[in-house]
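Colleague: Fold the following for me, if possible:
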Amino acid sequence: MSNPSPPAPVVPVSVIVPVRNEARNLPRCLDSLVGFGEVYVIDSESTDDTVAIAQSRGAKVLQFHYAGGWPKKRQWAMDTLPFAFDWILLLDADEVMTPELGEEIRHALLNPEVNGYSIRLQMYFLGRILRHCDASFRKMSLFRKGRARFECRLRNQDTSMADIEIHEHVVVDGPAAELRNALLHRNVDSLSRYILKHNEYSNWEARVLLRPEDGPEQVRADFFGTQAQRRRWLKRNLYRLPGSPVLLFLYRYVFRLGFFDGVPGLIYCAFQAVQMFHTKAKIYEQRIERN
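Modeller: Down below sits the predicted model:
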């Protein structure tokens, strides 16, 4: 009788997965993390089966009660949790680890010269991979414990602006690099949930753009900088232009060839433009209330 195969070695990484009512997305996310050292699921009083799903898959579940201000959910977890490993991976419930990326991470951890790695997201939307629309981007998701933090762009926040970091970036102390393989970003929630979440995001965006001086901005807007810096420069300057939601739609759908992504590409580009319109309208509303 042949001997059983030895278990795959553990990837020495502590994973943080922030959630709220993610019962539809979470099983696929957690199943993809088998082999990682430990997984923390940070819940915000979910009313569905999120907690039961996390516990059934061996994740450590903690509740985060947000009352406004800073830090928000991910930074709170980074500051609070008793991590067993020296590396932290931030993953959303609608993101899925692939075997190829997991193996690349295992090897990347051996490099003593790097303190953080950005990971590209492969976007699925309405059942289709978005290969255009400017939908692919990188996030600083893997870093050494104690060597990274979220920038704080706005300290005076409230619960209407979500309990989680939105477009804040992780800033790493020391050298950083990029991983080649991508995370799969595959949200199966309804468009109604998508719209509700992005309504909170536009509340936050309006406050940030109206009061950019409130909070130390760690990632400098720079057209010739990193992808994050370039996106921030474009957003800041695009918002000032008349008709900018229409321009954003044309940029994503025409210039970035979003029409090749079919109906999902059209809906995605339109939603991005609508969110910009909502943000600009809320900026206008806040300015009226101040006068």
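
Colleague: which SS class is the closest residue to D163 other than its chain neighbours?
Modeller: Leaving aside its sequence neighbours, D163 sits nearest to Y66 (Cβ to Cβ, 6 or more residues apart in numbering; 3.5 Å). Just so you know, the C-beta spots here come from the backbone N, C-alpha and C atoms, and that holds for glycine as well. Following DSSP: H, G, I helix; E, B strand; the rest coil, Y66 is assigned to coil.

Colleague: My guess is I129 contacts A135. True?
Modeller: No: using Cβ atoms under 8 Å, I129 makes no contact with A135, being 9.2 Å away.

Colleague: higher neighbour count, the two?
Modeller: Counted by other Cβ atoms under 10 Å, I129 and A135 do not tie: A135 has more neighbours, with 23 against 15.

Colleague: V34 and V96: what is the separation?
Modeller: V34 sits 12 Å away from V96, going by Cβ to Cβ, to the nearest Å.

Colleague: So between these two, which is more surrounded?
Modeller: Each of V34 and V96 has its neighbours counted (other Cβ under 10 Å); V96 has more, 21 against 14.

Colleague: What are the contacting residues of the helix or strand of the chain with the lowest mean pLDDT?
Modeller: Lowest on mean pLDDT, DSSP states H and E among the helices and strands of the chain sits helix 227-238, with a mean of 80. With contacts defined as Cβ atoms under 8 Å, 6 or more residues apart in numbering, helix 227-238 is touched by 137-138, 169, 209, 212, 219-225, 244, 247-248, 276.

Colleague: which of those count as buried?
Modeller: R138, H169, L209, V219, A221, S244, L248, M276 (16 or more other Cβ atoms under 10 Å).

Colleague: Filter those down to the ones in strands?
Modeller: Assigned to strands by DSSP state E, the following of the buried ones among the contacts of helix 227-238 qualify: R138.

Colleague: Report the two of the buried ones among the contacts of helix 227-238 separated the most.
Modeller: R138 and S244 (24.0 Å; Cβ to Cβ).

Colleague: how about the nearest residue to A84, chain neighbours excluded?
Modeller: Nearest one to A84, counting by Cβ to Cβ, 6+ apart, is E38 at 5.5 Å.

Colleague: Quick check on that neighbour: phi, psi?
Modeller: Main-chain dihedrals, E38, degrees, to the nearest 10: phi -160, psi 150.

Colleague: tell me the secondary structure for Y268?
Modeller: Under three-state DSSP, Y268 comes out as helix.

Colleague: Return the distance of stretch 83-93 from the chain's centre.
Modeller: Distance of stretch 83-93 from its chain centroid, counting by Cα atoms, centre = their mean, to the nearest Å, is 14 Å.

Colleague: residues of stretch 87-96 that come out buried?
Modeller: Within stretch 87-96, the residues that count as buried by 16+ other Cβ under 10 Å are W87, I88, L89, L90, L91, D92, A93, D94, E95, V96.

Colleague: Residues in a beta bridge with the first one, which ones?
Modeller: To tie it back to what came earlier, the one meant is W87. Under the criterion DSSP bridges, W87 forms beta bridges with R144.
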